[in-house]
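>>> from the sequence below, what's the structure:
(one chain, ligands or ions: 1)
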Amino acid sequence: MPARMLPPSGDPIRPLPAEQVALTFDGAEFTGTRGQTIAGVLLGSGVLSWRVTSGGGKPRGVFCGIGVCFDCLVVVNGQRDVRACQRRATDDDVVTTQNDPLPLRPTADMGSEVGHD
Ligand code: FES
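Numbering: from 1, shown residues only. The predicted model follows:
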């Protein structure tokens, strides 16, 4: 019998029932399926962006989804610079937005204060 004709009850893989995972994002609770990334939980809940750019204040969320672009940075349990597309959500994760202002541009009179000559 070809594989495509297997009845579901005869499927040898038999995936386990999905378990839920719950996290908070900026104080609100979200649930997803265990195994999802933080970005997956947020996107699945309808949250499309969770930080803004430093320069223009433009919304950002997932861009590449594979850990390359760093557009999805969040703070997780106090740890900064976590890529939401790479970190699996775990129960009781506390996720907050990470918005950083641009660093000051060094000027001639700031030289000695910032370690430049
Ligand atoms: S979306 Fe690109 S690193 Fe996460």
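>>> drop to CA atoms for contacts and neighbour counts, all remaining ones
Will do.
>>> so which bits of the protein are right by the ligand?
62-72, 83-85 (Cα under 6 Å from any ligand atom).
>>> buried ones among these?
The neighbour-count test (16 or more other Cα atoms under 10 Å) marks 62, 65, 67, 70, 71, 72, 83, 84, 85 as buried among the residues of the chain next to the ligand.
>>> show me the beta-bridge partners of residue 23.
Bridge pairing for residue 23 (DSSP bridges) gives the partners residue 30, residue 93.
>>> check which helix or strand residue 51 maps to.
Using DSSP states H and E, residue 51 sits within strand 49-52.
>>> and that strand, what does it pack onto?
Counting contacts by 3 or more Cα pairs under 8 Å, 6 or more residues apart in numbering; DSSP states H and E, strand 49-52 packs against strand 59-61, strand 73-76.
>>> ok, the residue sitting nearest the centre point of the chain to residue 40 distance?
For the chain, the residue lying nearest the average C-alpha position, counting by Cα atoms, centre = their mean, turns out to be residue 84 (1.6 Å). According to Cα to Cα, to the nearest Å, residue 84 and residue 40 sit 8 Å apart.
>>> which ones are touching the residue in the chain positioned nearest to the ligand?
Closest to the ligand within the chain is residue 67: 3.3 Å, counting by Cα to the nearest ligand atom. Shown in contact with residue 67 (Cα atoms under 8 Å, 6 or more residues apart in numbering): 83, 85, 86.
>>> I'd say the first one and residue 68 touch.
Okay, so that is residue 83. No. Using Cα atoms under 8 Å, residue 83 is not in contact with residue 68, being 9.2 Å away.
>>> ranking the helices and strands packed on strand 49-52 by burial, who's on top?
The highest mean neighbour count among the helices and strands packed on strand 49-52, using mean count of other Cα atoms under 10 Å, belongs to strand 73-76: a mean of 23.
>>> name every strand pairing with that strand and say which way it goes.
For strand 73-76, pairing defined by DSSP bridges yields strand 79-83 (antiparallel), strand 93-97 (antiparallel).
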